[in-house]
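Got a sequence here, can you model it:
(one chain, ligands or ions: 1)
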Amino acid sequence: MTIKVAIAGARGKMGVEAVHTMMKQDGMDLVAVLDYKNGAATLGGLDLFPDHYTAPIYTDFERLVAETNPDVFLDLTSPESVYEHTKQALQYNVRPVVGTTGFTEAQLEELTELANDKNLGCIIAPNFAIGAILMMKFAKEAAKYFPDVEIIEMHHDRKLDAPSGTGIKTAQMISEVRAEKQQGHPNEKETHTGARGANYDGMHIHSVRLPGLVAHQQVMFGGNGELLTIRHDSLNRESFMGGITFCVEEVMKRDTLIYGLENII
Ligand code: NAP
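Numbers count the residues shown, from 1 in each chain. Have a look, this model is predicted:
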């Protein structure tokens, strides 16, 4: 069976790579693009893509679904639009695969309920890179033995949300096994706001934003006379494409919302 895919965010850094991936992937057909600008009638009409990329561009979700009937909706847009997009996709019985980060807990709960009510698969993956998933799993394992941990996530300076979805997800996974602990000196004071980073259950997440970076994270554990550092680097956006095609296939077999690739690999 060929899986019909619609994509939002096709003009973006991730989107461009994902469009090329969908165009060459056996068993997947890129049938439509959702945009909020009316830049061209088809992908090939944009300077970014060759003429033979004929997927039509829509600004209206309902029309997109009525005219192209996609199985899967892939969102690679921005924290401002992703929640509405994902909700709409589920309401129109299209299975979302979401790489965009920036959901609130309340939004995730609502989408989980909606996917359950509809018996529809939905995969929200803060990180599509397999190595990053392993980094989080290994960090969770290490946290059983080293409760003192600091997460340092590093991204390009165009990223809108901080901490990154992967940074938060790592902290969530660690807090499932880590003995509760407020780190640092009990009387520590920030002389400059933010110096100690975001506080998640007593552990700290630091966000670095620099041109030249893609997506990197290190999880540092401290013990008695020893340090353990687990690090992952995405060097280019190709590192995310294997995870995207995996999720597009996998979401067709599911009937609930899955948050995090680590729950299915
Ligand atoms: P980007 O280059 O800024 O691309 C986002 C694209 O979405 C832009 O072309 C933007 O258009 C478009 N867009 C914004 N609102 C839209 C809407 N309502 N409808 C349709 N298109 C819309 O960002 P990126 O680096 O590709 O990343 C996209 C998202 O994926 C971010 O949330 C990022 O954190 C996340 N990400 C996830 C992973 C993962 O593994 N899960 C990996 C990397 C990045 P304009 O520029 O015209 O506004």
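
give me the number of residues near L34?
By other C-beta atoms under 10 Å, 26 other residues sit near L34. C-beta here means a position set from N, CA and C on the backbone, and glycine is covered the same way.

Is the spatially most central residue of the chain part of a helix or strand, or is it coil?
Centroid check for the chain by C-alpha atoms, centre = their mean gives P126 as the closest residue, at 2.6 Å. With DSSP: H, G, I helix; E, B strand; the rest coil as the basis, P126 sits in coil.

Quick check: it touching A171?
No. Taking C-beta atoms under 8 Å as the definition, P126 is not a contact partner of A171, at 11.6 Å.

one step back: any idea how far the residue nearest to the centre of the chain is from A179?
Computed with C-beta to C-beta, to the nearest Å, the distance linking P126 and A179 is 25 Å.

Looking at the stretch 1-150 of the chain, which residue is nearest the ligand?
Closest to the ligand within the stretch 1-150 of the chain is G12: 2.0 Å, counting by C-beta to the nearest ligand atom.

Surely that residue and T77 touch.
Yes. Between G12 and T77 there is a contact under C-beta under 8 Å: 7.1 Å.

For stretch 246-265, buried residues please.
Buried positions in stretch 246-265, judged by neighbour count with 16 or more other C-beta atoms under 10 Å: 246-248, 250-251, 254, 257-262.

Which one of those is nearest to E84?
L257 (16.0 Å; C-beta to C-beta).

So G12 and T77 - more neighbours on which side?
Remark: of G12 and T77, T77 carries more neighbours, 25 against 18, as counted by other C-beta under 10 Å.

contacting residues for that one?
Contacts for T77 (C-beta atoms under 8 Å, 6 or more residues apart in numbering) come out as 8-9, 12, 15, 85, 100.
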